[in-house]
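Participant: Compute the structure for the input listed below.
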Amino acid sequence: MRPEKTDLRREAGQRTRDDLLTAAVELLAQRGQEGVTLREITQSAGANVAAVSYHFGSLNALCDVAIEHALERYLDAQIQELDALAGNATLSELAEAFARPMVSALVAGGRDLAVIRTVARVGIDPPEGWERLTVKFEQARRQAVRAMAANLPGVDEQELVFRVRCAAGMLNWLALAPIGAELGAEPAEQVERMLIPVVAGAFQGAR
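Facilitator: Reported below is the predicted structural model:
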């Protein structure tokens with residue numbers, strides 16, 4: 001087989017794989033893993049059942065990969081925002097960076113929101129067996145804790161981590177709750193004005 005034909009087949013296979021992942025993320029966001037069927041995913045992706053077996057092995061494996069990719073995408077966006085914080089960032093600035101991927105997704109809707117909802121269904125901890133993402137979770141928490149510690153010198157690290165986890169859990173809930181849809185109808189500036197003080201309050205804790 002000529003090299004160009006091999007390349008075309010490889011590209012077509014990659015497109016099919018990507019389409020299956022996209023369809024899986026969107027359907028998972030709507031109904032969760034228990035509510036998604038193989039036929040729905042393949043119909044949405046314009047693929048056949050054999051393609052799922054070829055690229056992933058099974059429906060469960062496809063869903064696992066889709067959730068993992070969604071989770072990684074969210075963590076990458078959050079880490080990028082936290083990386084950009086100045087060394088003397090306030091709790092409000094930290095909250096803004098921490099919540100920005102969620103705010104952007106709520107306002108954008110569509111696939112971005114589907115990704116965030118998929119992440120929210122998983123929760124703030126990586127599912128069992130996904131150790132590859134543990135490093136990114138720890139990196140995001142470590143960055144957040146470092147900024148919090150500079151503002152809250154009397155609070156020990158264990159409590160700071162707890163506050164970060166609570167703030168993350170609150171954002172996950174927001175993605176799935178009706179109030180999240182209400183916020184999605186507002187401009188980004190309004191969403192930030194309403195949400196950032198709440199996240200900053202979770203970081204601040206009791207005075």
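Participant: By average pLDDT, which secondary structure element in the chain comes out worst?
Facilitator: helix 110-122 (a mean of 78; mean pLDDT, DSSP states H and E).
Participant: all helices of the chain, in order?
Facilitator: Here the chain has its helices, by DSSP state H, at 3-31, 38-45, 49-55, 59-83, 91-108, 110-122, 134-151, 157-176, 178-184, 188-204.
Participant: export those to JSON lines and tack on mean neighbour count?
Facilitator: C-betas here are computed from N, CA, C, even on glycine. Converted to JSON lines, the helices of the chain look like this (neighbours: other Cβ atoms under 10 Å):
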{"stretch": "helix 3-31", "mean neighbour count": "16"}
{"stretch": "helix 38-45", "mean neighbour count": "17"}
{"stretch": "helix 49-55", "mean neighbour count": "15"}
{"stretch": "helix 59-83", "mean neighbour count": "19"}
{"stretch": "helix 91-108", "mean neighbour count": "22"}
{"stretch": "helix 110-122", "mean neighbour count": "21"}
{"stretch": "helix 134-151", "mean neighbour count": "18"}
{"stretch": "helix 157-176", "mean neighbour count": "18"}
{"stretch": "helix 178-184", "mean neighbour count": "14"}
{"stretch": "helix 188-204", "mean neighbour count": "17"}
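Participant: ok, S92 to V155 distance?
Facilitator: Distance from S92 to V155, counting by Cβ to Cβ, to the nearest Å: 17 Å.
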